[in-house]
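Trainee: below: sequence and its predicted model.
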2 protein chains.
Amino acid sequence: MALIVQKFGGSSVADLARIRNVAQRVARTVDAGNQVVVVLSAMGDTTDDLIAMAKAITPHPSEREMDMLMTTGEQQSVALLAITLQAMGYKAVSLTGEQAGIRTDRVYSRAKIISIDSVRLERELASGKIVVVTGFQGIDSLGEIHTLGRGGSDTSGVALAIGLNADFCEIYTDVDGVYTADPRIVPEAHKLPEISFDEMLEMSSLGAGVLQPRSVEMAKTFNMPICVRSSFNDNEGTMVKEEVEMKQLEQEVLVSGVAYDDDLVKVTVYGVPDRPGIASVLFCALADAKVNVDMIIQSGHRNGKNDISFTTSKEADGKLEEVLEPVIAELGADNFTLETDVAKVSIVGAGMITNPGVAARMFKCLYENGFNIDMISTSEIKVSCILKKEGAKDAVRKLHEYFGL
Amino acid sequence: MALIVQKFGGSSVADLARIRNVAQRVARTVDAGNQVVVVLSAMGDTTDDLIAMAKAITPHPSEREMDMLMTTGEQQSVALLAITLQAMGYKAVSLTGEQAGIRTDRVYSRAKIISIDSVRLERELASGKIVVVTGFQGIDSLGEIHTLGRGGSDTSGVALAIGLNADFCEIYTDVDGVYTADPRIVPEAHKLPEISFDEMLEMSSLGAGVLQPRSVEMAKTFNMPICVRSSFNDNEGTMVKEEVEMKQLEQEVLVSGVAYDDDLVKVTVYGVPDRPGIASVLFCALADAKVNVDMIIQSGHRNGKNDISFTTSKEADGKLEEVLEPVIAELGADNFTLETDVAKVSIVGAGMITNPGVAARMFKCLYENGFNIDMISTSEIKVSCILKKEGAKDAVRKLHEYFGL
């Protein structure tokens, strides 16, 4: 008997018929002799509808009230799944994030889980129940309700699996695994049977979009295997775990996948005086405003001044000017620009660590195909390039072919 | 400066435009120098829609899961009102029943409030905020979410007013006060400027429908004045309070209103053996099944057996057979019947206490107009008669005229 956490996204519970499908899949897992904790997102467009309603009142509703509003979506879906499971003859109980012991920090709209108090969960499991938990949310030490930010239900699933010492966490989504590239961009892309946490982490961060990066990070830290599967078919998914690197290295797989992301804004701050601590003022101000910065490049000196470029997600677009204007004034910098017609193309592979020159081959491929590289960022297992958005998807196809995926 | 609790029903917050109206009314009360706690129901048909969704899964969803599902409705409306108030420049915060310190017993779907822990509420008020609280719900000592049953938001409003020692509780609804009879039945009915708790209690219990009886009972116990007003106009409402009796008695107002209720089932159990304790077996079984019994009549002996009739609300209809069949067998009674083609017509007035013969005049009026009385129940300030449903609304009109209302 295994203890399995199964997380289903919004499209998997979009209506009562799909909720019934989810119930049947959970029931099969239970019938096979397993204990199951289910984590759900809100039904289909519920979250978007609630956001639209709030934005119809004011363009900038407070994050605290948005968390109050949005967490109702998951509470509805878990109650409906519990009712469905009970109607099928199974013992089931739904729990809010609070009831499931999910404790968060005090940041509204993108809280981090700080602990799982699993007493209640374990009691419900011990009494033979299927436990259905709201994803995406938890409470802080003051009893305030917080959401974990978009895609936070993945994190809820992994955190609960870790808190309960589950055997693994299944993440059901609308694709049946992790592909070497987005099949909508590269028709030849194929599904990976397994992938390491590090590779998945890079793929997620780079916009592969299958798993939320924070959930992979957490799974890696606690070595909790994740299985990415489709809720619409019974295909085997992709297993994300620690021990796949050797196998891939032996097969000399240098690059596991190519990722594409155009959900980003490139910010350039011009004429920043070259004094120590300048970068920290800029990026602390961004951090205080909860703007996540991705790639950062500082160009060479020019009359004692630097240009600093960085990228962030389009989500931050609305508040960038508000944050940057006072900082520019404080720094005595010249001005700044925002560019949204850019895209990030990345290659990821654990094999890169021991095979130098992979980055050079990527630049060569892009150069030979006429792409101009704007910014570059590398890690041990990935290389990312910022290109003009126009044609960037073609770059993904060229790289996929070039690295023999 | 007064502290006022304002409770708005579902029709008052049915859409964003109406929520804005509510916000403006709250803002006017604050601008006039008052502190305000707002209690809201769910938006318009939200609760009914959620119930319909659950019933589409199974005719008898568990009450525990229904409470999880339905409490989301109020959480949405309070967040949206707080966002609206903030957009208008007011400091506001929404609270769930739990956050507002509303503690209930452990009965799902019709819990009773057992205490209000007002620490958080008082802190928010002290910081200058308008506090917007979910009606209809609270949590028990185990952290389980409970609803207070239909109309429970009235009770939430009054309970919060008492817990905060507010000056009074305004209940906004879609009628602008308490009338001498339902204006849809009696066009000549007029609004009462004030009415005593006892009279309101009888009116509510008898189907007048403006206020939930439990909320009036609670208001009476703690002497918390309630003002019933319309959220769609600025008419003065009806003040429900303790000190109105003398004035009415001086004016020789015997009857304050005529009430009508056809949301009831008449149950007759035939051939109940005439032994001590028999009635207690029957009514304890009903109480265990949470069936609220209203009028009870036991007919005279016949061969050592009695017939017992009682009325209950149609809400209980679904489970009556299930509850009664084993009891009938246990008692050795003959059988039972359920009748739904009945209605209850009542007259209410504090003046009755010191004026005997009011009941006799009511029976005379009904007799002269050809109505057959099936069951009678009296209290110090009301007389209720069960009639055939057909024509019963005409009886209301005749009584309204007969008592000169």
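Mentor: Yep, it's here. The shown structure was predicted, so the numbers you read here are calculated from the model rather than taken from an experiment.
Trainee: quick one: the helices in the stretch 201-350 of chain A?
Mentor: A:213-221, A:245-250, A:278-288, A:317-331 (DSSP state H, counting those that start in this stretch).
Trainee: tell me the pLDDT at the closest residue to A:Gly149 other than its chain neighbours?
Mentor: Nearest residue to A:Gly149 in three dimensions, chain neighbours excluded: A:Arg110, at 3.6 Å (Cβ to Cβ, 6 or more residues apart in numbering or on different chains). Quick note: C-beta positions are derived from backbone N, CA and C, even for glycine. You'll see A:Arg110 listed with a pLDDT of 89.
Trainee: surely A:Arg110 meets A:Lys290?
Mentor: Yes: between A:Arg110 and A:Lys290 there is a contact under Cβ atoms under 8 Å: 6.5 Å.
Trainee: closest one to chain B among the helices of the stretch 201-350 of chain A?
Mentor: With Cβ to the nearest Cβ as the measure, helix A:317-331 is the member of the helices of the stretch 201-350 of chain A nearest chain B (16.0 Å).
Trainee: and the closest one, how far from the chain's centre?
Mentor: If you compare the mean C-alpha spot of helix A:317-331 with that of the full chain, they lie 26 Å apart, counting by Cα atoms, centre = their mean, to the nearest Å.
Trainee: which ones are touching the residue nearest to A:Gly149?
Mentor: A:147-149, A:152, A:290 (Cβ atoms under 8 Å, 6 or more residues apart in numbering or on different chains).
Trainee: among the helices of the stretch 201-350 of chain A, which is the most enclosed?
Mentor: helix A:213-221 (a mean of 22; mean count of other Cβ atoms under 10 Å in any protein chain shown).
Trainee: and the end-to-end length of stretch A:158-169?
Mentor: Taking Cα to Cα, to the nearest Å, stretch A:158-169 runs 6 Å from one end to the other.
Trainee: can you list the buried residues in that stretch?
Mentor: Neighbour-count burial for stretch A:158-169, counted by 16 or more other Cβ atoms under 10 Å in any protein chain shown, picks out A:158-164, A:166, A:168-169.
Trainee: and stretch A:19-35, by the same measure?
Mentor: The neighbour-count criterion (16+ other Cβ under 10 Å) identifies A:19-23, A:25-27, A:29-30, A:34-35 as the buried residues of stretch A:19-35.
Trainee: do stretch A:140-155 as well
Mentor: Taking 16+ other Cβ under 10 Å as the basis for neighbour counts, the residues of stretch A:140-155 that come out buried are A:140, A:144-149, A:151-155.
Trainee: same thing with stretch A:341-356?
Mentor: In stretch A:341-356, the ones that count as buried by 16+ other Cβ under 10 Å are A:342-352.
Trainee: pull the helix or strand with minimum mean pLDDT from chain A.
Mentor: Averaged element by element with mean pLDDT, DSSP states H and E, chain A has its least confident helix or strand at helix A:245-250 (a mean of 48).
Trainee: which residue, other than its chain neighbours, is closest to A:Arg214?
Mentor: For A:Arg214, the spatially nearest residue (Cβ to Cβ, 6+ apart) is A:Thr155, at 5.0 Å.
Trainee: pLDDT score assigned to the one you found?
Mentor: According to the model's per-residue confidence, A:Thr155 sits at a pLDDT of 93.
Trainee: same check, this time on A:Asn355
Mentor: A:Asn355 carries a pLDDT score of 69 in this model.
Trainee: same thing with the one 10 residues further on?
Mentor: Per-residue confidence at A:Cys365 stands at 90 (pLDDT).
Trainee: packing partners of the helix or strand harbouring it?
Mentor: Assigned by DSSP states H and E, A:Cys365 belongs to helix A:358-368. Using 3 or more Cβ pairs under 8 Å, 6 or more residues apart in numbering or on different chains; DSSP states H and E, the elements in contact with helix A:358-368 are strand A:342-348, strand A:375-379, strand A:382-388, helix A:392-402.
Trainee: closest one to chain B among these?
Mentor: When the helices and strands packed on helix A:358-368 are compared by Cβ to the nearest Cβ, strand A:342-348 sits nearest chain B, at 33.4 Å.
Trainee: for that closest one, give me every contacting residue.
Mentor: Under the criterion Cβ under 8 Å, 6+ apart, residues A:199, A:202-203, A:206-207, A:255-262, A:264-266, A:294-295, A:311, A:358, A:362, A:366, A:374, A:381-389, A:392-393, A:395-396, A:399, A:403 lie in contact with strand A:342-348.
Trainee: filter these down to the buried ones, PyMOL style.
Mentor: To isolate the buried subset of these in PyMOL, counting by 16+ other Cβ under 10 Å, use the following:
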select buried, chain A and resi 199+202+203+206+207+255+256+257+258+259+260+261+262+264+265+266+294+295+311+358+362+366+374+381+382+383+384+385+386+387+392+393+395+396+399+403
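Trainee: okay, now the domains of chain A?
Mentor: Each domain of chain A is listed here as a residue range: A:3-174, A:244-405, per automatic domain parsing.
Trainee: in terms of mean pLDDT, which of the ones you listed ranks lowest?
Mentor: Ranked by mean pLDDT, the domains of chain A end with domain A:244-405 at the bottom, a mean of 83.
Trainee: neighbours around A:Ser115, how many?
Mentor: 12 (other Cβ atoms under 10 Å in any protein chain shown).
Trainee: on that earlier part again, select from the buried residues of stretch A:158-169 every entry located in helices.
Mentor: Among the buried residues of stretch A:158-169, the ones falling in helices (DSSP state H) are A:158-163.
Trainee: which residues does A:Lys266 bridge with?
Mentor: Using DSSP bridges, the bridge partners assigned to A:Lys266 are A:Thr311, A:Glu339.
Trainee: partners of the helix or strand where A:Ile4 lies, with directions?
Mentor: Under the assignment given by DSSP H and E, the secondary-structure element containing A:Ile4 is strand A:3-8. Listed by DSSP bridges, the sheet partners of strand A:3-8 and their directions read strand A:35-40 (parallel), strand A:168-173 (parallel).
Trainee: contacts for that strand?
Mentor: With Cβ under 8 Å, 6+ apart as the contact definition, strand A:3-8 has outside contacts at A:22, A:25-26, A:29, A:34-41, A:125, A:135, A:153-154, A:156-158, A:160-161, A:164-172, A:231.
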